[in-house]
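Asks: any chance you can model this:
(one chain, ligands or ions: 3)
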Amino acid sequence: MLKEQQIQIIKSTAPVLREYGTQITTRFYNLLFENHPELLNIFNQANQKQGKQQQALANSIIAAAENIEQLEEIIPVVEKIAHKHRSIGVKPEHYPIVGENLLQTIADVLKENATEEILNSWKEAYNVIADIFIDLEANMYEQAENQNGGWSNFKDFYIAKKVKESDVITSFYLKPADEEPLPSFNPGQYISLKISIPEETYTHVRQYSLSNSPGEAHFRISVKRESDDEPNGIASNYLHDSLNIGDLIPVSAPAGDFTLDLTNHRPLVLIGGGVGVTPMMSMLHTVTKEHPNRPVTFIHAAKNSKIQAFKAEVENTLLNNNHLNVLTVYSEATEQDQSENNFTEEGYISYSWLKQNIRNLNSDFYFCGPKPFMQNVMHALLELGASPEQINYEFFGPKEDLPQPTTV
Ligand SMILES: Cc1cc2nc3c(=O)[nH]c(=O)nc-3n(C[C@H](O)[C@H](O)[C@H](O)COP(=O)(O)OP(=O)(O)OC[C@H]3O[C@@H](n4cnc5c(N)ncnc54)[C@H](O)[C@@H]3O)c2cc1C
Ligand SMILES: NC(=O)C1=CN([C@@H]2O[C@H](COP(=O)(O)OP(=O)(O)OC[C@H]3O[C@@H](n4cnc5c(N)ncnc54)[C@H](OP(=O)(O)O)[C@@H]3O)[C@@H](O)[C@H]2O)C=CC1
Ligand code: HEM
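Replies: Ligands and ions are numbered 1, 2, ... in the order given. You can find the predicted model right below:
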């Protein structure tokens, strides 16, 4: 346990580390992969090259340190990270490795300012934080293991079906190679895939939201081919081009805490941006099956009908449900979309448009999509007066980028 003096040292040096934050974590990852190249198999190298992971780690370690006296405050943030850690296969034995390399880096960056007393205090603080992660993740591994037919790490699934949903999105129907029954999962959760590409030295682990509802004999994921920017997305292009029916792929047990709360019956508003619609599909299918009388507004913002996935699937759900309202917003509607008038609004989702189209503000809101879309929707909901507990979103960048709902 940390002594009072160590707590004061942590609190007084946390601002310095915040200042050097990403410089420390950038150097940390270089040192970590130099000393432990095997960890290149689990870290997303695109996130590394774009600096996203360095920022995320720096923010979380320093946030934990600044809350060192009331760590229970950061449990919700730690839980979200622990879900991802568990789905990737982070183990207790990894924590001392990260700790050693992180402290070495702090010493290197702070140089003569890194006295033995400061380093020992940060070592103690890291161990306290690491123990919280290790305990949480142990429970999550046990829970995943104990679910019917569960497994705690990765297990082989085969591609049972591939369905082209749009010009850029293809769905993969995955079934367990051992034919064990699938564990249930919460709508909105994701799985991690461990993707081995022949010419690549390391595996690529990626997360994909489950786009079907629990209780079926398969998992369905729907993957957008990332090819708008250079370099093309390594995993999504491999899945689209080279993963075919019958091929095997290691899959983690479902994880994630961005999940539909089925215990309350307030009206529901699901807002998906682009392929961010995937968790919304799982939520839509689940709620229309289990609570057919719950009013649901399903909003999909996409470029146009050539890019949009699940248009027909959602319209089919609409046919069988009197309490579902479906709205489509295209930002780059094609001429065919215009002539068929097959969408509700052109442009971006806005505060005034949401105000006009959300029938009941006392709703639960769930949204997911690209960052600019997320920022816009969050702003609009806050402006509409939605309270923090009504707003649920999956965002996987440094949280500071998104306006936070003010506490009431
Ligand atoms: C919880 C969660 C759920 C998700 N669910 C889905 C889903 O349902 N469907 C879906 O399609 N995606 C989903 N994603 C995203 C998915 O995990 C992948 O990130 C996505 O498929 C891209 O992976 P990739 O390997 O194809 O691209 P990567 O190779 O990882 O590249 C990603 C982007 O980074 C850029 N990039 C790569 N390397 C560099 C570099 N050296 N310098 C600069 N830029 C670079 C690429 O141009 C590309 O635009 C989800 C992500 C999370 C965290
Ligand atoms: N559980 C999770 O965390 C999941 C995360 N994802 C992530 O969701 C993202 C989906 O991206 P993608 O499919 O490429 O989405 P797109 O880039 O296609 O964007 C979707 C729509 O949102 C519009 N948009 C862009 N900016 C704004 C804005 N400021 N306000 C409102 N709308 C806006 C786009 O318009 P425009 O034509 O101008 O681009 C487009 O019409 C990916 O980053 C993916 O990784 C996906 C699935 C699950
Ligand atoms: C106290 C210690 C740790 C903290 C505070 C921490 C924090 C984080 C954070 C904030 C993220 C981003 C989560 C997200 O994107 O939603 C993350 C992801 C990750 N962490 Fe940790 N982590 C710790 C220890 C570890 C250890 C010991 C390992 C194992 C080597 C590890 C491996 C990973 C991996 C592989 C990812 C996903 C990276 C990516 O997809 O780009 N972490 N961690």
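Asks: secondary structure element holding residue 215?
Replies: Counting by DSSP states H and E, no helix or strand carries residue 215.
Asks: can you pull the contacts of residue 223?
Replies: 169-172, 208, 236, 239-240, 275 (Cβ atoms under 8 Å, 6 or more residues apart in numbering). All C-beta spots, glycine's among them, are computed from the backbone N, C-alpha and C.
Asks: could you check how many residues crowd around residue 36?
Replies: Around residue 36 there are 14 other residues, counting by other Cβ atoms under 10 Å.
Asks: ignoring the adjacent residues along the chain, who's closest to it?
Replies: Once flanking residues are discounted, residue 36 sits nearest to residue 97: 5.8 Å by Cβ to Cβ, 6 or more residues apart in numbering.
Asks: do residue 194 as well
Replies: In space, and not counting its chain neighbours, residue 194 is closest to residue 250: 4.1 Å by Cβ to Cβ, 6+ apart.
Asks: run through who's touching the strand or helix carrying the one you found.
Replies: Using DSSP H and E, residue 250 sits within strand 248-252. Where contact means Cβ under 8 Å, 6+ apart, the residues beyond strand 248-252 that reach it are 86-89, 153-159, 174, 177, 191-195, 219, 243.
Asks: hmm, 10 Å instead?
Replies: Under the contact criterion Cβ atoms under 10 Å, 6 or more residues apart in numbering, strand 248-252 has outside partners 84, 86-89, 144, 151-159, 172, 174, 176-177, 190-196, 203, 205, 207-208, 219, 221, 239, 243.
Asks: now do that strand, average pLDDT.
Replies: The average pLDDT for strand 248-252 rounds to 98.
Asks: for the helix or strand that it is followed by, buried residues please.
Replies: Remark: after strand 248-252, the chain's next helix or strand is strand 268-273, criterion DSSP H and E. By neighbour count on 16 or more other Cβ atoms under 10 Å, the buried set for strand 268-273 is 268-273.
Asks: do strand 268-273 and ligand 2 meet?
Replies: Yes: Strand 268-273 is in contact with ligand 2 by Cβ under 6 Å from any ligand atom, via residue 273.
Asks: okay, the residue lying closest to residue 321 once chain neighbours are set aside and ligand 3: tell me how far apart.
Replies: Leaving aside its sequence neighbours, residue 321 sits nearest to residue 288 (Cβ to Cβ, 6+ apart; 5.0 Å). Note on residue 288: its distance to ligand 3, by Cβ to the nearest ligand atom, to the nearest Å, is 29 Å.
Asks: how about residue 270?
Replies: Residue 270 is 21 Å from ligand 3, by Cβ to the nearest ligand atom.
Asks: isn't that residue right next to residue 298, touching?
Replies: Yes: Residue 270 is in contact with residue 298 according to Cβ atoms under 10 Å; the separation is 5.0 Å.
Asks: mutual contacts of the two, please.
Replies: Jointly contacting residue 270 and residue 298 under the rule Cβ under 10 Å, 6+ apart are 277, 280-281, 283-284, 287, 326.
Asks: just the buried residues from those, in ChimeraX please.
Replies: Buried members of these, defined by 16+ other Cβ under 10 Å, are picked up in ChimeraX with:
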select :277,280,281,283,284,287,326
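Asks: could you list which of the shared contacts of residue 270 and residue 298 belong to strands?
Replies: residue 326 (DSSP state E).
Asks: pull up the residues of the stretch 1-150 of the chain that are close to ligand 3.
Replies: So far as Cβ under 6 Å from any ligand atom goes, the stretch 1-150 of the chain lies against ligand 3 at 39, 42-44, 47, 53, 56-57, 60-61, 80-81, 84-85, 88, 90, 94-95, 98, 129-130, 133.
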